[in-house]
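In: Dropping a prediction and its sequence here:
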4 protein chains.
Amino acid sequence: MQIPKQASGVYVIAPTPFNADGSVDYGSIDRLTDFYAGSGVAGTTVLGQLGEAPKLEQAEALQVASRFIQRSKTPTIVGVSAPGFAAMRVLARDAMEAGAAGVMIAPPNTLRTDDQIVGYFAQAAAAIGADVPFVIQDYPLTFTVVMTPSVIRRIVNDNPSCVMLKHEDWPGLEKISALREWESKGEMRPISILCGNGGLFLDFEVERGANGAMTGYCFPDMLVELVRLSTQGERDRAHDLFDAHLPLLRYEQQPGVGLAVRKYVLMRRGLLACDAQRKPAAVMSAKAREEVDFLLARLARKDARARL
Amino acid sequence: MQIPKQASGVYVIAPTPFNADGSVDYGSIDRLTDFYAGSGVAGTTVLGQLGEAPKLEQAEALQVASRFIQRSKTPTIVGVSAPGFAAMRVLARDAMEAGAAGVMIAPPNTLRTDDQIVGYFAQAAAAIGADVPFVIQDYPLTFTVVMTPSVIRRIVNDNPSCVMLKHEDWPGLEKISALREWESKGEMRPISILCGNGGLFLDFEVERGANGAMTGYCFPDMLVELVRLSTQGERDRAHDLFDAHLPLLRYEQQPGVGLAVRKYVLMRRGLLACDAQRKPAAVMSAKAREEVDFLLARLARKDARARL
Amino acid sequence: MQIPKQASGVYVIAPTPFNADGSVDYGSIDRLTDFYAGSGVAGTTVLGQLGEAPKLEQAEALQVASRFIQRSKTPTIVGVSAPGFAAMRVLARDAMEAGAAGVMIAPPNTLRTDDQIVGYFAQAAAAIGADVPFVIQDYPLTFTVVMTPSVIRRIVNDNPSCVMLKHEDWPGLEKISALREWESKGEMRPISILCGNGGLFLDFEVERGANGAMTGYCFPDMLVELVRLSTQGERDRAHDLFDAHLPLLRYEQQPGVGLAVRKYVLMRRGLLACDAQRKPAAVMSAKAREEVDFLLARLARKDARARL
Amino acid sequence: MQIPKQASGVYVIAPTPFNADGSVDYGSIDRLTDFYAGSGVAGTTVLGQLGEAPKLEQAEALQVASRFIQRSKTPTIVGVSAPGFAAMRVLARDAMEAGAAGVMIAPPNTLRTDDQIVGYFAQAAAAIGADVPFVIQDYPLTFTVVMTPSVIRRIVNDNPSCVMLKHEDWPGLEKISALREWESKGEMRPISILCGNGGLFLDFEVERGANGAMTGYCFPDMLVELVRLSTQGERDRAHDLFDAHLPLLRYEQQPGVGLAVRKYVLMRRGLLACDAQRKPAAVMSAKAREEVDFLLARLARKDARARL
């Protein structure tokens, strides 16, 4: 099962569950996967930044990806960003063999010029093979690589195996509009645009033409509903739902700390047995946990489905 | 009038108003200043990033600062960040002579090590003179200079003229807690901490011990009320107010575009005659203006005082 | 006197001489200028990085530039890089009025994409006025802005007032070849290429098609001779001369420390009364001075004209 | 055989030889290793930046390292820098089991503050195990991580398994002096300091107290002789030798292109069967090859032992 053309809806970014001793908690992978399915997500992305991929050994990484893939009935995208094309190719080929629907590639933070970025994705596409669908991850806040809309267009038009943009530029609304306009004029091959950045602008991103979200917010069920409402033109209801979640969503979207918050909430929701991360890890203070509990309590009063 | 010890409340960051032809609109400076006073702000900060300072000639910069200072009954802080200490010293001395309460200094984005940062502020303090109170601007997202809590402690303890931290690290809640703990243990001289970063975490920052806000959000009246409620322990009312504004506040906090949004809203509020910026400027698309109008309409339904 | 078309030879980068008390030493400006003339330089560049420009007040900067201009019989280029176009325009107009031959502009280190760089130079050219000839400074090691050959071509072709490239990319030999090839094919308007980077590759840069050097190496007389020999095809004699100077030239080309070394040698050559810098300044240790003395002694044995 | 205490002399950085089809050329590994032994090097470092480590699959990397280790009679240091501690630990343990003398660790380019750098090396040391000797690679030009002398002192004093500094800060002479002074005062545990940076300052680095070199310059025999002469106080002879090689050494020290130059010269010396690199690779133009040939011819006239 490969990533469908013009994939839409929510591809949830899954964390990698660990036991308190640092071993992978495969039971929680199954529980998470089933929960995602029940939430109506269109797919899952594993081994991303959120998935603590660099903390896994090569064999572990494949095992984690495979477990998600086997349990899931929707497409699974596997993050294969690596410091070199050798490691990228191995993980991509292994993941596809294990049943992945495609892979996601982030540019290394040493790239600067337009040509360097376009050249990198051409080489990456060649390394993994033209038969492997890939997703561009465009996240300048973390990677410090700035891709203009025209760079993305070049990558898309040059590489038929590029099927999706994980859009998390900031600000990014005009970028969505620019890409969609080029598509409508036939100047760019149409691709799926799913938005990350913690979902912080998802309310407007769908209105601008995004197909949905790819993020790890701890209430993916809300994201699914939001995309549905927005796509159906129920603008105020979509924003009402979004606004109810925005205080927590914003709290989660703190660089570094965000993963700890997400694992904590997923644990409180009963989906992770434990919120442990492997080192190095930003740890939540007691005060931060209290703040999240406070936000969860407030959220439960605004969105009944968000009650724990 | 110098910055008071342990200044608290809201120091609003003022934009520099321009006419459509690019000349400074002094009438709007007066109108803004009177509005700020009526909003209950504790002070004003001018010639910051938001104030388009680098687009002003040296003489203009002083004229703009002076106009704010003369019209205002509360302290005015003047941004004096510059590529060299010569320009910084001139503007700082001129601004103080014109009645400024103090100056704000951001570190140049070439600094890397702890010692470089500490050394820079020592040299800056010497350059402007020990009699000029100064504010540290700690904004790694824009300046790429990362100051640990212990670096801030060194700057504060080394320089008696350092009176305030403009805190806009992200994430930053634990930094406030760390600094306050050192103060309570007598390991750091107490200073005022006012929070920027568009106010995106102001709801929790005050709870963590911040004295208030220093940001340019287009509803400073809300910020004043929020700080008051939070300081008085009205936690849920403070968060209710904050949450009502969060969708717009988040929209404003987009790097680059934010200034255009703020000038647009201030124009719609009748405070600026024109939302023009000098070049180079990020311009709002028609779609973006519609989105802000939509957010303003939604806000007006939640917070009656925010009706235009 | 404006920068001539296809300017060639050596434009020496001049330091700003200070007295021990930090005041500008105008007598040494005159002495330096006369020495440069005697060395056969084709022009002088002032207020560059080496000129400690950010440590000068605005009025001082203009006075320093004017003194060089008035004393000199060859063209003087004035560095006008600034954090904003307002300051850049003022200094550029004032310098041209004082008799400058043109100005030099470095890109701010926040630029990333090709379009950002091209857009910046278009706005800068508009700000200073189309009648002011300007030089692009391409120095990624210091500014972290990477300009591909095609970005430079776009700037040159878009802006008729762009007359010269100060080339100091590293590595940069292929860039010279690429630009010269485009010029020969008529794809790029011909401009002057003078090489900086301390002269570290000047031996080959002239062979690749550069018109000469723009750098502050403390023996500009050698640079003049090297460009002459190389242009006349005396390859081995050119390299012999270059190689004799390379140990000292390499020592000077240390980021940060280089200026101190240059001022020290110029003082030892009797051209500066004092090697003082304004703060902040990297200072030479006693050991470093001994090393430079050692290199000077060795150099004097290899190049008789380099005897102090 | 572990890295000896206060290791001195030359640890040559070895490239990874490839055949034209991209496969590893094990025969050339043997030839290189034997040549290094004949040159008098004290040890070898493999899988560094120069070794194209990220282009090797995990199993290949270990095979390459093992081949060097088995053939060599001197200590081999293995580069284990990786985006995560999981991959670093696996490679470090495997390499040590295969007979490595220690490992080398470069900081990831996302580190900024002193505490982040110190914390990173503490975690890395814990990950690979306290029984594995490690080398700090301090190369800000490439990694953008700036380590002050006091940061290095903290790492050394905190981690008994830290046995060596690969020093390639630029400028860096004062750093060597500062570290040696602390050692002599008993404020820092003595370690070996070997200098990289292509050897561009090796003439003075040994005089400042460095124990030798760790670099991949294509005439390691010269480096060995230089360290010997300098250590024995033959200052002028050491500099004469160094100066003869400086033009080529400087040419090799171009970021990105340097590896191509080194492989080309090693091929011309008969040590590599082929100068192929795996992609992505900077390729030498015909003009660049001619320039290197020219430098080699000139070198041969100055240093008889450098004749090909």
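Out: Nice, thanks for sending it over.
In: residue ranges of the helices in chain A, please?
Out: A:26-39, A:58-71, A:85-97, A:114-128, A:140-143, A:149-158, A:173-184, A:202-207, A:220-231, A:235-252, A:258-268, A:286-302 (DSSP state H).
In: Out of the ones you listed, which is closest to residue B:72?
Out: helix A:235-252 (32.2 Å; C-beta to C-beta). Where C-beta positions appear, they are placed from N, C-alpha and C, glycine not excepted.
In: In that closest one, which residues are buried?
Out: Within helix A:235-252, the residues scored as buried using 16 or more other C-beta atoms under 10 Å in any protein chain shown are A:238-252.
In: Tell me who's in contact with residue A:28.
Out: A:17, A:271, A:272, A:273, A:274 (C-beta atoms under 8 Å, 6 or more residues apart in numbering or on different chains).
In: Nearest to chain C, out of those residues: which one, please.
Out: Nearest to chain C out of those is residue A:17 (C-beta to the nearest C-beta; 36.5 Å).
In: Now for the buried residues of helix A:235-252: which two are most distant?
Out: Of all pairs drawn from those, the one with the longest distance (C-beta to C-beta) is A:238 and A:251, at 20.9 Å.
In: Deepest in the core, which of the helices of chain A is it.
Out: Mean neighbour counts were compared across the helices of chain A using mean count of other C-beta atoms under 10 Å in any protein chain shown; the top stretch is helix A:202-207, at a mean of 25.
In: still on that earlier bit, and which of the buried residues of helix A:235-252 is nearest residue B:184?
Out: Distances from the buried residues of helix A:235-252 to residue B:184 were compared by C-beta to C-beta; the smallest belongs to residue A:251, at 25.5 Å.
In: pLDDT score for the closest one?
Out: The pLDDT attached to residue A:251 in the predicted structure is 98.
In: Tell me which residues touch it, please.
Out: When contacts are counted by C-beta under 8 Å, 6+ apart, residue A:251 touches A:261, A:291, A:292, A:295, B:201, B:204.
In: For the residues you listed, give me CSV that also has pLDDT.
Out: As requested, the contacts of residue A:251 are exported to CSV (pLDDT from 0 to 100):
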residue, pLDDT
A:261, 97
A:291, 98
A:292, 98
A:295, 98
B:201, 98
B:204, 98
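In: and the stretch 151-300 of chain A, which residues reach chain B?
Out: Of all the residues in the stretch 151-300 of chain A, those in contact range of chain B (C-beta under 8 Å from any C-beta of the partner chain) are A:170-171, A:173-174, A:177, A:200-201, A:203-204, A:207-208, A:235-236, A:239, A:242-243, A:246-247, A:250-251, A:254-257, A:285, A:287-288, A:291, A:294, A:298.
In: One more pass at 7 Å, please.
Out: A:170-171, A:173-174, A:177, A:200, A:204, A:239, A:243, A:246-247, A:250, A:254-257, A:285, A:287-288, A:291, A:298 (C-beta under 7 Å from any C-beta of the partner chain).
In: of all the residues in the stretch 1-150 of chain A, which ones are close to chain D?
Out: A:54-58, A:83-87, A:90, A:109, A:123.
In: ok, 8 Å please
Out: Remark: the part of the stretch 1-150 of chain A in contact with chain D comprises A:53-58, A:60, A:82-87, A:90, A:109-110, A:119-120, A:123, using C-beta under 8 Å from any C-beta.
In: I'd like the distance between whatever residue of the stretch 151-300 of chain A ends up closest to chain C and residue D:290.
Out: Taking C-beta to the nearest C-beta, chain C has its nearest neighbour within the stretch 151-300 of chain A at residue A:151, 7.4 Å off. When C-beta to C-beta, to the nearest Å is applied, the distance between residue A:151 and residue D:290 equals 35 Å.
In: circling back: report the contact partners of the residue of the stretch 151-300 of chain A closest to chain C.
Out: A:114, A:117, A:118, C:113.
In: Show me which of the residues you listed is closest to residue D:220.
Out: residue A:117 (36.7 Å).
In: who touches that closest one in this structure?
Out: By C-beta under 8 Å, 6+ apart, residue A:117 lies in contact with A:107, A:111, A:145, A:147, A:151, A:155.
In: Grab the nearest non-local neighbour of the residue of the stretch 101-250 of chain A found nearest chain B.
Out: Among residues of the stretch 101-250 of chain A, the one nearest chain B by C-beta to the nearest C-beta turns out to be residue A:171. It sits 3.8 Å away. For residue A:171, ignoring the flanking residues on the chain, the nearest one in space by C-beta to C-beta, 6 or more residues apart in numbering or on different chains is residue B:254 at 3.8 Å.
In: hang on, that neighbour packs against residue A:175?
Out: No. Counting by C-beta atoms under 8 Å, no contact exists between residue B:254 and residue A:175, whose distance comes to 11.8 Å.
In: okay, among the contacts of residue A:28, which ones form the most distant pair?
Out: Greatest spatial distance in the contacts of residue A:28: A:271 and A:274, 11.0 Å, computed using C-beta to C-beta.
In: out of these two, which sits in the busier spot?
Out: More neighbours sit around residue A:271 than around the other of residue A:271 and residue A:274, counting by other C-beta atoms under 10 Å in any protein chain shown; the figures are 19 against 14.
In: And the more buried one, its phi and psi?
Out: For residue A:271, the backbone dihedrals (degrees, to the nearest 10) come out as phi -90, psi -30.
In: List the contacts of it.
Out: Counting by C-beta under 8 Å, 6+ apart, residue A:271 touches A:28, A:31, A:32, A:35.
In: How confident is the prediction for it, by pLDDT?
Out: 97.
In: Stretch A:34-50 and chain B, are they touching?
Out: No. Contact of stretch A:34-50 with chain B is not found when judged by C-beta under 8 Å from any C-beta; the minimum separation is 15.5 Å.
In: Could you tell me how many residues sit around the residue nearest to residue A:171?
Out: Applying other C-beta under 10 Å, I find that residue B:254 has 20 neighbouring residues.
In: what sits against residue A:34?
Out: Neighbour list for residue A:34: residue A:71 [criterion: C-beta under 8 Å, 6+ apart].
In: Dihedrals phi and psi, the closest residue to chain D within the stretch 151-300 of chain A?
Out: Ranking the residues of the stretch 151-300 of chain A by distance to chain D (C-beta to the nearest C-beta) places residue A:280 first, at 5.6 Å. Here is the backbone geometry of residue A:280 (degrees, to the nearest 10): phi -80, psi 140.
In: Can you verify my assumption that it contacts residue D:124?
Out: No. Assessed by C-beta under 8 Å, residue A:280 is found out of contact with residue D:124, at 9.8 Å.
In: residue farthest from the centroid of chain A?
Out: The centre of chain A is farthest from one residue, residue A:185, which by C-alpha atoms, centre = their mean lies 28.4 Å away.
In: how much space between that residue and residue C:114?
Out: 22 Å.
In: what do you get for residue A:303?
Out: In this structure, residue A:303 lies at 44 Å from residue C:114, with C-beta to C-beta as the measure.
In: of the contacts of residue A:251, closest to residue A:64?
Out: residue A:261 (21.2 Å).
In: ok, the closest residue to that closest one other than its chain neighbours - contacts?
Out: Across the structure, with C-beta to C-beta, 6+ apart as the measure, the residue nearest residue A:261 apart from its sequence neighbours is residue A:252 (4.9 Å). Applying C-beta under 8 Å, 6+ apart, one finds that residue A:252 lies in contact with A:198, A:217, A:218, A:258, A:261, A:262, A:265.
In: and the gap between the third one and residue A:241?
Out: The spacing between residue A:218 and residue A:241, counted by C-beta to C-beta, is 15 Å.
In: how many neighbours does the nearest residue to residue A:131 once chain neighbours are set aside have?
Out: Residue nearest to residue A:131 in three dimensions, not counting chain neighbours: residue A:161, with 7.2 Å by C-beta to C-beta, 6+ apart. Using other C-beta under 10 Å, residue A:161 has 15 neighbouring residues.
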